[in-house]
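> Have a look at this prediction, sequence included:
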Amino acid sequence: MSLLVGDAPYARVFVPAPRRAALGPGAKFEVHVEGAATPFAATLRSISSEPSFTPYYALAGDDASRLVYRAELVLDSGADLPAGLPVTATAR
């Protein structure tokens, strides 16, 4: 997971498969940026409909819960943060 910049800073994160169904655009998150003292509020902009890191044998059964989906969280503030910082995110 890392912080990226553009018109507004955003975090690219990976959502575990068991949490995917409960999330959609507009969901609120708290993003902790390494080196920043306080967390940032963020909103889910998009989430992939296709899983990432999917080996052919992980499409069913117990291994299916190990799939992840790429998501982008737009930070409400933090325009002065540099790109590439590690982040962690939690749903609010």
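Everything's here; your move.
> Wait, G78 touches A11, no?
No: taking contacts as C-beta atoms under 8 Å, G78 lies outside contact range of A11: 9.6 Å. Where you see a C-beta, it was placed from the backbone N, CA and C, and this is true even at glycine.
> joint contacts of these two?
Overlap between the contact sets of G78 and A11, as judged by C-beta atoms under 8 Å, 6 or more residues apart in numbering, is given by V33.
> Have a look at these two and say which one is more surrounded.
The neighbour comparison of G78 against A11 (other C-beta atoms under 10 Å) goes to A11, with 27 against 20.
> List the contacts of stretch 37-44.
The contact list for stretch 37-44 (C-beta under 8 Å, 6+ apart) reads 10-11, 23-33, 71-78, 89, 92.
> Buried residues, that stretch. List them.
F40, A42, L44 (16 or more other C-beta atoms under 10 Å).
> Which strand or helix spans the residue nearest to S49 when sequence neighbours are not counted?
Closest residue to S49 apart from its sequence neighbours, by C-beta to C-beta, 6 or more residues apart in numbering: Y69 at 7.8 Å. Y69 belongs to strand 68-75 when assigned by DSSP states H and E.
> for that strand, packing partners?
When contacts are defined as 3 or more C-beta pairs under 8 Å, 6 or more residues apart in numbering; DSSP states H and E, strand 68-75 sits against strand 10-16, helix 17-20, strand 28-33, strand 40-47.
> okay, the ones you listed in a markdown table with mean pLDDT next?
What follows is the helices and strands packed on strand 68-75, written out as a markdown table (pLDDT from 0 to 100):
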| stretch | mean pLDDT |
| --- | --- |
| strand 10-16 | 89 |
| helix 17-20 | 88 |
| strand 28-33 | 95 |
| strand 40-47 | 96 |
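> Now tabulate these in CSV and tack on distance to L4.
Below are the helices and strands packed on strand 68-75 laid out as CSV (distance: least, C-beta to C-beta, whole Å):
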stretch, distance to L4
strand 10-16, 6
helix 17-20, 21
strand 28-33, 12
strand 40-47, 12
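> my guess is S77 is in a helix, correct?
No: looking at S77 with DSSP: H, G, I helix; E, B strand; the rest coil, it is coil, so not inside a helix.
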